[in-house]
Every structure is written in C-alpha cells, then in structure tokens.
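**Q** Got a predicted model here, sequence first, then my questions.
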Amino acid sequence: MIEISGTVAPGFERAREAFAANFAREGAYREAGASFAAFHKGQPVVHLWGGYRDAARTIPWAADTLVNVWSSTKGVTATALALLVDRGLINYADLVVRHWPEFGENGKDKITVAQLMSHQAGLPGFAEPTTADDLLDWEGCTAKLARQKPVWEPGTASSYHALTYGWLAGELIRRVAKKQISEFVRDEIAKPLSADIHIGLPEALEPRVAPLLAPVDPAPLPPLPDVAMMALINPQLVPTMANWRAWRAAEIPAANGQANAMGLARLYNALANGDLLARRTVTRMTAPATSDGRRDMFLGFTDSWGMGVALNTPGIYGPNKRAFGHSGWGGSFGCADPDAGVAIGYVCSQMGPELVGDPRTAGLCGAVFAALA
C-alpha cells in the first residue's frame, strides 16, 4: 500500500482519492512516484505526494522532489516571453527579425512572434544533421534555426515544434531581456512566486531529482506527415536523455524543465489570478492563434494554440473551454481556469505510453472540479 502524504482542504477529498487511485491502477499508467497540487481562488487546496523517488523504490518521494517535466516546460517559457510583452519590450505582432536580425535568412523575414509562439513558423525540427549532444549547445541550435528554411509557408499551417520551440522562444527572450532564459525564469518567475521550477538545474539540486522511468509498452505513433515527424527525429528523442546530468544542466526551454507539482501550480495560480501578468496580457497569451478549424499536423487538435500555451480544445483541463496550460511527454501538466480561479500542477516519474491522451490528466482535473461542484 502506497502512503499518500500531504493535505487537502475540506471538500477536496475526491482529489486525494483520484491521486491515490493512480498508484493502484493496473497497466502502463500505474504511478511509481508523483506529486499533485491545486489552488482555488488563490488558496492551496491540494498538496499531495507519494510513491518512490528512485527506480528501486527505496527512497520515498518528498514534497520537494523534482522531475523532468518535458513539454510542460513550454508553459514556463511562454510565461517568460509574456512577461516581456507585459513590460512593453516585445509585442506578439512584431516581426522576429526586429529582435533577432539573423533569423531572417531563407524566407523567414516576415515571421511574427505570434507565429513562432503558436507553432506556425515551419521549423518543427532541425534540417541539418543533429545529435543528442548537439541539443546541449545553445549557440549551435539557435544558429541552425536562424539558417533554416521553413518547411511550409509560415502562418499557413500548424505543427508542434516539440524541441525547436524552446530555442526559438528562448533566443527571443535572451535578445530582449539580455539574460539567458535560465536566469530570467529564476529571477522573474521562480523567485517571485516561490515556485520550484528550473530550466538549467544547478548541480546542488541534483539529490532532489527523481529519474524518469521509460513508458511501459509505448504506443506506436499514428501515420504523420513528414514535416510533422521532423519534431521527433534528428535526433531521435528517448526518455533516458532526461536522466543525463548534462541534459538537466543545459538550457532546453521546450523540454528540460525540472519542477514539482506545487511549483507548476504556483505558476498557473499566478496566471489565473493576475498576480504575475496583467489580465490583458493573460487574455492575449491565451487567445486562439488560429480560428479557421486548422488541425495541428502532429497532435491532431483543432485551433489549439495560444501564445505558447495549449488551449483546452480537447477538454482535458476541466469543463471550461477558456482553460489553458501545457502537458509534457509522459504525463506531467500545469493548467489554469481563470473563470473558476483554479490552477493545477502534476508531475510523475512513470511516463505513460501515449504521446497525448494520458488519462491521469483528465482524472485529476476532473476530481478538482468535481470537488468545486
């Protein structure tokens, strides 16, 4: 029997039940170690953790255990750029070349910041040969993308930029803020919110990190267009990359964030309540980038992107279509429903087998909203 630690506010017992049930479920989504947190109207109502931090299941998961959250990092990066929008230093309507002149090569001089942030730029993966070690090289990755020709006319299609999103958005942040994204996230997001979120993990925090466990019986990918497949190849992404010390130390703002559930929940609570960004900026950040019924070629969702955050088109972040957030490969997620004043964070070490559609997401969000009802 797995011990569940932490607290829930009166009325939120369903959230504890849903979280505990994930440790008892059969099959590939059974938890090894995880944490789960939620806020309602600015107050913490769920803070739970359980299971084990190590693969041998000898070290208990702690309240401050960190884990690689894969693409849940994108929500952090989107927030970092939104802070610069909020301060009037950049606009989503700007041409990227206004802030990053070298980016204009090979027909990219008309790409807007909005197109880049919403996976419309036509740069879903690297065209030049790229190794796993190359992903640790910031200057090398950003230079490749500056040289690269889009694989579709920017603005005419959408397809998930699984890794390249991070260097594209991150280089804009670096140019405008005059800081590396690791420093900017630390100084402008993590410290002000007391949010345990890191891009570029300091070595001193390594003892708190839980290694990711590869998916059990990973599901085969559905047939995808070649341009969409660029997001997953060159190099081929494998779960064990996230357990390298070099990976954790690098700046990969689409995929190597280290966080716990309370860290993600604090971030989305600030977004839900206007504590970090002006409400008009949150509204702009979460407005649909497209409204023409366009399907993301990789994920299959329709009109599903704001400015770097995922909109609740699939309905996984609760009942409100105005909810938003971002999920990561394997199951982690952070989300907010500003209308309900709800923010949720969840991280886990046992990666699920599907790239999208982890049932733990809808189950945990559903339990929080059921408690409100």
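**A** Arrived safely, thanks for sending. Numbers count the residues shown, from 1 in each chain.
**Q** Tell me, how many residues neighbour Thr324?
**A** Just to correct that, residue 324 is Phe rather than Thr. 27 (other Cβ atoms under 10 Å). Backbone N, C-alpha and C define where each C-beta goes, glycine included.
**Q** quick one: contacts for Ile252?
**A** Ile252 makes contacts with 73, 135-136, 163, 166, 199, as judged by Cβ atoms under 8 Å, 6 or more residues apart in numbering.
**Q** what do you get if the cut-off is 7 Å, keeping everything else the same?
**A** Contacts for Ile252 (Cβ atoms under 7 Å, 6 or more residues apart in numbering) come out as 135, 166.
**Q** Now do it against Ile111, distance only.
**A** Distance of Ile252 to Ile111, given as Cβ to Cβ, to the nearest Å: 22 Å.
**Q** repeat for Thr361
**A** Thr361 sits 31 Å away from Ile111, going by Cβ to Cβ.
**Q** How many neighbouring residues does Leu232 have?
**A** Leu232: 18 neighbours (other Cβ under 10 Å).
**Q** next one: Asp226
**A** 9.
**Q** Which pLDDT does the model give it?
**A** Looking at Asp226, its pLDDT reads 95.
**Q** Next up, phi/psi of it, please.
**A** Per-residue torsions, Asp226: phi -60, psi -40 (degrees, to the nearest 10).
**Q** Now do the same contact list for it.
**A** No contacts exist for Asp226 under Cβ under 7 Å, 6+ apart.
**Q** Let me know the distance separating it from Leu193.
**A** Using Cβ to Cβ, one gets 41 Å for the distance from Asp226 to Leu193.
**Q** swap in Trp305?
**A** 24 Å.
**Q** Between these two, which is the more surrounded one?
**A** A side-by-side neighbour count of Trp305 and Leu193, using other Cβ under 10 Å, places Trp305 first with 24 against 17.
**Q** Which residue is the nearest non-sequential neighbour of the more buried one?
**A** Spatial nearest neighbour of Trp305, chain neighbours left out: Ser118 (4.2 Å); criterion: Cβ to Cβ, 6 or more residues apart in numbering.
**Q** Can you give the domain ranges for this protein?
**A** 4-70+195-372, 78-181 (automatic domain parsing).
**Q** Redo these as TSV? Include distance to Glu188.
**A** What follows is the domains of the chain, written out as TSV (distance: least, Cβ to Cβ, whole Å):
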stretch	distance to Glu188
domain 4-70+195-372	9
domain 78-181	6
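**Q** Asp187 is nearest to which of those?
**A** Nearest to Asp187 among the domains of the chain is domain 78-181 (7.4 Å), distances taken as Cβ to Cβ.
**Q** And that closest one, how far out from the chain middle?
**A** Mean C-alpha position of domain 78-181 versus that of the full chain (Cα atoms, centre = their mean, to the nearest Å) differs by 16 Å.
**Q** That one - what's its average pLDDT?
**A** The pLDDT scores in domain 78-181 average 98.
**Q** Just the terminal-to-terminal distance for it.
**A** Using Cα to Cα, to the nearest Å, one end of domain 78-181 lies 11 Å from the other.
**Q** residues in contact with Leu277?
**A** Applying Cβ under 7 Å, 6+ apart to Leu277 gives the contacts 82-83, 86, 271.
**Q** how much space is there between it and Ala336?
**A** Taking Cβ to Cβ, one finds Leu277 at 11 Å from Ala336.
**Q** now the helices: where do they sit in the stretch 101-250 of the chain?
**A** Ranges of helices within the stretch 101-250 of the chain are 113-117, 138-147, 164-177, 181-185, 191-193, 226-229, 245-249, based on DSSP state H, counting those that start in this stretch.
**Q** among the ones you listed, which is nearest Gly51?
**A** Nearest to Gly51, of all the helices of the stretch 101-250 of the chain, is helix 245-249, at 20.5 Å by Cβ to Cβ.
**Q** Could you tell me how far whichever helix or strand comes after that closest one lies from the centre of the chain?
**A** Tracing the chain past helix 245-249, the next element assigned as helix or strand by DSSP states H and E is strand 258-259. Here strand 258-259 is found 10 Å from its chain centre; the criterion is Cα atoms, centre = their mean.
**Q** Identify all contacting residues around the next helix or strand after strand 258-259.
**A** Later in the chain than strand 258-259, the nearest helix or strand by DSSP H and E is helix 261-273. The contact list for helix 261-273 (Cβ under 7 Å, 6+ apart) reads 35-39, 42, 47, 72, 76, 79, 189, 193-197, 276-277, 282, 325, 334-338, 341-347.
**Q** Following the chain onward from helix 261-273, which element is next?
**A** helix 279-285.
**Q** Which secondary structure elements does that next one sit against?
**A** helix 73-86 (3 or more Cβ pairs under 7 Å, 6 or more residues apart in numbering; DSSP states H and E).
**Q** rerun that using 10 Å as the cut-off
**A** helix 73-86, helix 261-273 (3 or more Cβ pairs under 10 Å, 6 or more residues apart in numbering; DSSP states H and E).
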